[in-house]
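**Q** structural data only, the sequence is not supplied:
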């Protein structure tokens with residue numbers, strides 16, 4: 001009976017979900033209309049430009065049977081690629097909210113731009129993004145339209161570059177050095193148009209967001225460059241040895257999964273706001289360093305710091321400004337410590353520094369240097385009233401060392417945390433060193 005009830009509940013939930021998804025396609029329900037006018041105008045202008053381009057290219061170039069075969073091969077390759085990396089890509093796309101989302105779909109769409117007539121190249125883009133929408137993350141339709149439109153315009157820019165350099169070989173590219181120049185220029189045009197349009201949308205939609213966050217990481221753009229290079233390889237194989245695309249696909253699947261797993265592991269270890277180690281990873285590394293210190297009979301230091309009156313910064317200037325202050329503090333901590341030290345964020349305005357092979361005196365000296373550095377720091381922040389500078393920041397610091405203050409990680413963390421609390425109670429903006437613990441007395445044998 002319970003299984004029947006569960007089945008009915010699942011059917012109702014599925015009907016409600018399907019109804020909600022269908023409702024999301026109603027224009028009147030799009031969240032776009034509640035956005036600022038400049039955002040609405042920008043998105044609609046990009047969408048309209050892509051639509052006009054699609055209409056203008058229909059019938060511009062004759063389509064051969066071979067072109068349809070290549071379209072089918074690229075569409076199947078893209079679909080297999082998405083399915084194989086679906087689990088990790090779904091998490092990456094959610095995690096990339098508010099910043100340019102980087103993926104390897106470009107290897108298929110850019111290959112299509114290089115070898116297919118424009119109508120088929122744009123059809124490949126539509127097929128690829130439609131499949132990704134169904135299988136990865138069903139974002140609101142206007143965002144799906146916009147993403148696909150930026151790729152259509154990027155493909156058009158690449159196609160114009162190819163035609164300008166070698167009109168006789170388009171669709172396609174010339175052999176030899178001129179071909180290398182052609183695909184390089186086309187790739188740069190493809191990347192620039194797509195990147196500029198996406199960053200523009202991010203900045204307009206989140207004016208309080210830091211420009212650096214909107215631009216994304218340099219490592220992400222290297223992934224894009226790699227995907228475009230793979231697109232060139234795919235296009236070349238299609239033109240000369242089409243069957244080897246299967247071998248390339250298998251190779252890419254292995255490399256892609258290895259790349260994404262590595263990226264995901266890095267993201268799982270990193271605090272997204274500051275780029276420092278998060279609490280879980282810091283504890284993991286601290287445990288390993290403590291085990292090594294015990295094995296080699298060396299010392300180990302821990303520095304805890306808590307920003308003073310940080311709530312006032314958020315209340316006065318807003319949370320985005322507070323995030324900028326935390327990022328600036330993180331940068332200062334990185335500059336102050338050694339390469340082998342590990343700086344982590346424990347949440348809120350609390351940070352921890354792990355100092356391998358550091359005795360009590362040097363641990364306390366490190367805490368003092370950090371305190372002085374933060375006290376002298378001036379941060380430029382963006383507030384609802386514009387940019388301003390913020391200074392007068394202070395922190396309360398507590399230090400503890402192994403084996404003086406404890407022999408386990410829990411004891412050391414407790415000692416450093418207690419010392420930080422004592423610094424707070426004593427008036428803030430100071431360093432307090434945890435006292436040495438007395439060694440346990442040996443129990444006499446009975």
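**A** Received the coordinates, thanks. All values reported here derive from a predicted model rather than from experimental measurement.
**Q** C-terminal to the helix or strand of the chain with the lowest mean pLDDT, which secondary structure element comes first?
**A** Here the helix or strand of the chain ranked lowest by mean pLDDT, DSSP states H and E is helix 2-23, holding a mean of 46. Later in the chain than helix 2-23, the nearest helix or strand by DSSP states H and E is helix 37-57.
**Q** got the contact list for residue 233?
**A** Contact analysis of residue 233 by CB atoms under 8 Å, 6 or more residues apart in numbering lists residue 248. All C-beta atoms are positioned from the backbone trio N, CA, C, and that covers glycine.
**Q** pLDDT score for it?
**A** Here, the pLDDT recorded for residue 233 equals 89.
**Q** list the buried residues of the strand or helix carrying it.
**A** Taking DSSP H and E as the criterion, residue 233 maps to helix 218-240. Residues 220, 223-224, 227-238 are the ones in helix 218-240 that count as buried (16 or more other CB atoms under 10 Å).
**Q** now do the contacts for the residue nearest to residue 230 when sequence neighbours are not counted.
**A** Counting by CB to CB, 6 or more residues apart in numbering, residue 230 lies nearest to residue 107, which is 3.8 Å off, once chain neighbours are set aside. Counting by CB under 8 Å, 6+ apart, residue 107 makes contact with 227, 228, 230, 231, 234, 252.
**Q** which SS class is residue 344?
**A** Using DSSP: H, G, I helix; E, B strand; the rest coil, the structure places residue 344 in strand.
**Q** and the residue lying closest to it once chain neighbours are set aside, how far from residue 352?
**A** The shortest distance from residue 344 to any non-neighbouring residue, by CB to CB, 6+ apart, is to residue 282 (3.1 Å). Residue 282 sits 6 Å away from residue 352, going by CB to CB, to the nearest Å.
**Q** overlap in contacts of those two?
**A** Residues touching both residue 282 and residue 352 (CB under 8 Å, 6+ apart): 344, 346.
**Q** which one of the two is surrounded by more residues?
**A** More crowded of residue 282 and residue 352, by other CB atoms under 10 Å: residue 352, with 25 against 22.
**Q** how about the more buried one: which residues does it bridge to?
**A** Here residue 352 sits in beta bridges with residue 304, residue 344, as judged by DSSP bridges.
**Q** which residues touch it?
**A** Contacts of residue 352 (CB under 8 Å, 6+ apart): 282, 302, 303, 304, 305, 343, 344, 345, 346, 416.
**Q** need the per-residue pLDDT for residue 137.
**A** On the pLDDT scale, residue 137 gets 65.
**Q** go on, residue 281?
**A** pLDDT recorded at residue 281 is 87.
**Q** tell me who's in contact with residue 165.
**A** By CB under 8 Å, 6+ apart, the contact list for residue 165 reads 174, 178, 181, 182, 185.
**Q** which of those residues has the most neighbours?
**A** residue 182 (23 neighbours).
**Q** so that residue makes contact with residue 171?
**A** No: in this structure, residue 182 is not within contact of residue 171 by CB atoms under 8 Å, at 12.0 Å.
**Q** report the set of residues contacting both of those two.
**A** residue 162.
**Q** how about the strands in this structure?
**A** Here the chain has its strands, by DSSP state E, at 300-307, 342-347, 350-356, 379-383, 386-390, 395-402, 431-433.
**Q** those strands into TSV, with extra columns for mean pLDDT and distance to residue 116?
**A** Converted to TSV, the strands of the chain look like this (pLDDT from 0 to 100; distance: least, CB to CB, whole Å):
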stretch	mean pLDDT	distance to residue 116
strand 300-307	95	56
strand 342-347	89	48
strand 350-356	94	53
strand 379-383	83	44
strand 386-390	83	47
strand 395-402	95	59
strand 431-433	95	66
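**Q** tell me, how many residues neighbour the residue lying closest to residue 362 once chain neighbours are set aside?
**A** Leaving out its chain neighbours, the residue that sits closest to residue 362 by CB to CB, 6+ apart is residue 301, at 6.9 Å. For residue 301, the count of nearby residues is 29 (other CB under 10 Å).
**Q** measure residue 301 to residue 346 for me?
**A** Using CB to CB, we find residue 301 at a distance of 16 Å from residue 346.
**Q** one more: residue 355?
**A** According to CB to CB, residue 355 and residue 346 sit 16 Å apart.
**Q** those two - which one has more neighbours?
**A** In terms of neighbours (other CB under 10 Å), residue 355 is the more surrounded of residue 355 and residue 346; the figures are 23 against 20.
**Q** ok, now which ones touch the closest residue in space to residue 287 that isn't next to it in sequence?
**A** Of all residues not flanking residue 287 in the chain, residue 409 sits nearest, at 5.5 Å (CB to CB, 6+ apart). Contacts for residue 409 (CB under 8 Å, 6+ apart) come out as 283, 286, 287, 290.
**Q** in helices, which of the residues you listed fall?
**A** Among the contacts of residue 409, the members found in helices (DSSP state H) are 283, 286, 287, 290.
**Q** where in this protein is pLDDT low?
**A** The chain contains residues with pLDDT under 70 at 1-33, 85-103, 137-139, 206-219, 255-268, 438-446.
**Q** what are the phi and psi values at residue 341?
**A** Main-chain torsions, residue 341, degrees, to the nearest 10: phi -80, psi 160.
**Q** now do the same contact list for it.
**A** Contact partners of residue 341, counting by CB under 8 Å, 6+ apart, are 353, 354, 355, 356.
**Q** not counting sequence-adjacent ones, nearest residue to the last one?
**A** In this case it means residue 356. Per CB to CB, 6+ apart, closest to residue 356 is residue 289, 5.0 Å.
**Q** that neighbour reaches residue 354, doesn't it?
**A** Yes: Residue 289 is within contact range of residue 354, at 6.1 Å (criterion: CB under 8 Å).
**Q** which residues do the two both contact?
**A** Counting by CB under 8 Å, 6+ apart, the shared contacts of residue 289 and residue 354 are 300, 342.
**Q** residue 161 touches residue 184, doesn't it?
**A** No: using CB under 8 Å, residue 161 makes no contact with residue 184, being 9.3 Å away.
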